[in-house]
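> need a 3D model of the following:
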Amino acid sequence: MRIKEKIKNNLSPEHQMSEAFVTSAILALSGGFMDAYTYNGRGGVFANAETGNIVLMGQRLMEYDFHGAVKYFVSILAFALGIFAAENFRHIFRYAKKIHWRQAMLIFEIVLLAFVGIIPESLNLVANVIVAFTAALQVQTFRKVAGYSFASTMCTGNLRSGMDALSVYLRERKPDQLRQAMHYFGIILFFTLGAGAGGVLTKYYGLHMIWLSCLLLLSVCLLMSAEE
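Modelled structure (predicted):
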């Protein structure tokens, strides 16, 4: 009960638990973990960093390695479809009363990633499609931290926003701008920690390590339940 009260007290009235920094930090851990997992364990494909996949796909195409380009293309396509699916899911279920639509999305993501953990290495293409789709669901479902737009599965936009806020703070000395910058840099830090853990654990302990992302997403779901 005390934990629930502390969590609730740390949320300003206009923010939901889905926008709390602790929630966003855990999501960033999971986002980094997924990217490192697919890159290190599933054939050098990024789960989230579609810019990287596009670069690698373009290189394969210029080398006439069309077969090699396919694995990047299907990941990009799966990510795009995940965004589309998440947006339509939100539109249909945003007024659901029995369970918040974001929690329902988290449960779906957990099921998908749990299945990925049993997919053999020979089916890496399938695994990458599922993880990319799941990553897109996450980034589209959770889009704010403390009221600021952010991405939990990639860092380029967060780095731009963080440096932009820091620049304004150094010029105008507004505390809110410094707070905003620290939120973005904190998310980048947790993404980096997740990526480091994902890369090392996948290399040494195998493809089942994606189940750790399931545990991270489950903890977010429980945090959102605590708010209720």
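> mind listing the helices for this structure?
Listed from the start of the chain, the chain has helices (DSSP state H) covering 2-9, 21-41, 50-62, 66-93, 101-116, 124-141, 156-172, 175-205, 211-227.
> return the helix or strand in this protein with minimum mean pLDDT.
Taking all helices and strands of the chain together, the one with the lowest average confidence (mean pLDDT, DSSP states H and E) is helix 2-9, at a mean of 48.
> about what we covered before: of the helices of the chain, which approaches residue 149 most closely?
Ranking the helices of the chain by their distance to residue 149 (criterion: CB to CB) puts helix 156-172 first, at 7.4 Å. In short, each C-beta sits where N, CA and C put it, glycine included.
> check what pLDDT residue 187 gets.
Taken from the predicted model, the pLDDT recorded for residue 187 is 90.
> ok, now how distant is it from residue 223?
16 Å (CB to CB, to the nearest Å).
> between these two, tell me which one has more neighbours.
residue 187 (28 against 19; other CB atoms under 10 Å).
> not counting its neighbours along the chain, what's nearest residue 42?
In space, not counting the residues next to it along the chain, residue 42 is nearest to residue 124; the distance is 4.5 Å by CB to CB, 6 or more residues apart in numbering.
> quick check: the one you found vs residue 207, distance?
As for residue 124, its distance to residue 207 is 9 Å (criterion: CB to CB).
> number of nearby residues for residue 76?
As a burial measure, the neighbour count of residue 76 was computed by other CB under 10 Å and equals 17.
> for it, give me its contacts.
In this structure, residue 76 makes contact with 50, 53-54, 57, 132, judged by CB atoms under 8 Å, 6 or more residues apart in numbering.
> could I get the pLDDT score of it?
Looking at residue 76 specifically, the model assigns a pLDDT of 96.
> in this structure, where is pLDDT below threshold?
Under the criterion pLDDT under 70, the flagged ranges of the chain are 1-18, 145-146, 227-228.
> stretch 59-74: end-to-end distance?
One end of stretch 59-74 sits 16 Å from the other (CA to CA, to the nearest Å).
> distance between it and the chain's centre?
In this view, stretch 59-74 has its centroid 25 Å away from the chain centroid, taken as CA atoms, centre = their mean, to the nearest Å.
> could you pull out the buried residues of it?
Of the residues in stretch 59-74, those buried by neighbour count under the rule 16 or more other CB atoms under 10 Å are 60, 68-69, 71-72, 74.
> and if you look at stretch 82-99?
Counting neighbours by 16+ other CB under 10 Å, stretch 82-99 gives 82, 85-86, 89 as buried.
> and which of those residues is nearest to residue 176?
Closest to residue 176 out of the buried residues of stretch 82-99 is residue 86 (29.5 Å), distances taken as CB to CB.
> got a list of what that closest one touches?
Residues 105, 136-137, 140-141 are the ones in contact with residue 86 under the rule CB under 8 Å, 6+ apart.
> out of those residues, what pair is the most spread apart?
The widest separation within those, taken as CB to CB, falls between 105 and 136 and amounts to 11.1 Å.
> picking up where we left off before, which one of the buried residues of stretch 59-74 is nearest to residue 191?
Within the set of the buried residues of stretch 59-74, residue 72 lies nearest residue 191; the separation is 21.2 Å, counting by CB to CB.
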